[in-house]
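Novice: No letters, just coordinates:
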């Protein structure tokens with residue numbers, strides 16, 4: 001069996017006397033959509049920050065493609081293939097949609113990091129950015145300022161910025177937050193199409209929309225009070241009595 005693309009091993013993080021991560025372990029394989037769910041206060045935000053490199057664990061280890069990346073920061077992890085979207089959209093609001101993605105492509109490629117050199121001269125950069133917009137369903141919106149997009153479109157654009165780094169693992173932090181049913185359905189379709197376009201791409205999905213989680217995920221891990229309560233297929237998680245009591249709000253039969 002091949003090694004997992006991502007492995008978190010016994011991660012522990014405390015804030016004062018409160019354990020936010022209490023021995024969290026998980027793996028994500030290439031091509032897998034692995035969802036992480038849990039009630040508010042379960043420690044999901046702390047876990048995401050540790051995996052992305054924004055927060056160092058007190059103990060434990062994080063490996064990406066077999067390499068120990070525990071001490072590496074976010075930008076170094078991006079270069080190794082881990083890209084992240086955020087709960088709160090972070091875009092260049094005054095820039096057009098195409099320019100937002102082009103800047104992300106530029107940052108990855110290092111083709112021109114001088115702001116005194118017109119980026120428009122780099123045709124290949126814009127061609128790649130346009131291809132990403134087609135993947136995320138924003139073709140035809142190239143010149144619209146990011147700040148003028150609908151909320152669902154902004155979330156899709158943020159996924160596009162992550163794709164511009166050419167990730168092996170895409171960490172989606174509540175991509176459907178604040179969306180209505182139609183926008184959520186479009187985001188669900190987008191994630192499905194990403195897998196179809198690149199079967200090797202792994203996705204770690206943090207999400208409150210349970211319908212989307214159970215439709216998308218190959219495996220689901222349930223986080224409660226900083227600990228992984230259970231990991232399994234969607235069918236196994238639905239049938240797990242502990243999960244039903246602790247998170248899904250159901251009584252076991």
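Specialist: The structure has been received and is ready for your questions. All figures in this text were calculated on a predicted structure; none of them were measured in a lab. Residues are numbered from 1 along each chain as shown.
Novice: Low-confidence regions, the stretch 101-250 of the chain specifically.
Specialist: 110-121, 247-250 (pLDDT under 70).
Novice: Can you show me the helices along it?
Specialist: Secondary structure of the stretch 101-250 of the chain, counting by DSSP state H, counting those that start in this stretch: helices at 123-135, 151-163, 181-197, 210-216, 234-239, 241-246.
Novice: Enumerate the positions of the longest one that are buried.
Specialist: The neighbour-count criterion (16 or more other C-beta atoms under 10 Å) identifies 183, 184, 186, 187, 188, 190, 191, 194, 195 as the buried residues of helix 181-197. Glycine gets a C-beta too; all of them are placed from N, C-alpha and C.
Novice: Looking at the helices of the stretch 101-250 of the chain, spot the one closest to residue 38.
Specialist: helix 241-246 (9.0 Å; C-beta to C-beta).
Novice: pretty sure residue 96 is touching residue 145, no?
Specialist: Yes: Residue 96 lies in contact with residue 145 (C-beta atoms under 8 Å); the separation is 6.0 Å.
Novice: if we can go back for a sec, closest one to residue 65 among the helices of the stretch 101-250 of the chain?
Specialist: Closest to residue 65 of the helices of the stretch 101-250 of the chain, according to C-beta to C-beta: helix 151-163, at 17.6 Å.
Novice: Give me the buried positions along that closest one.
Specialist: Here helix 151-163 shows 152, 153, 154, 155, 156, 157, 158, 159, 160, 161, 162, 163 as buried, counting by 16+ other C-beta under 10 Å.
Novice: Please identify which of these is nearest to residue 51.
Specialist: Closest to residue 51, out of all of the buried residues of helix 151-163 and judged by C-beta to C-beta, is residue 162, at 13.8 Å.
Novice: Can you give me every residue that contacts that closest one?
Specialist: For residue 162, the contacting residues are 83, 84, 85, 170, by C-beta atoms under 8 Å, 6 or more residues apart in numbering.
Novice: try 10 Å this time
Specialist: Counting by C-beta atoms under 10 Å, 6 or more residues apart in numbering, residue 162 touches 78, 82, 83, 84, 85, 86, 104, 132, 136, 170, 171, 172.
Novice: what does residue 203 give?
Specialist: Residues near residue 203 by C-beta under 10 Å, 6+ apart: 28, 31-35, 167, 169-172, 175, 191, 194-195, 216-218.
Novice: What subset of those is buried?
Specialist: Buried residues within the contacts of residue 203, counting neighbours by 16+ other C-beta under 10 Å: 28, 32-35, 167, 169-172, 175, 191, 194-195, 216-218.
Novice: Now intersect these with the strands, please.
Specialist: Under the assignment DSSP state E, the buried ones among the contacts of residue 203 contribute 28, 33, 34, 35, 169, 170, 171, 172 to strands.
Novice: Now for those residues: which two are most distant?
Specialist: Between any two of those (C-beta to C-beta), the greatest distance is 13.8 Å, for 35 and 169.
Novice: what's the overlap in contacts for those two?
Specialist: Counting by C-beta under 10 Å, 6+ apart, the shared contacts of residue 35 and residue 169 are 203, 204.
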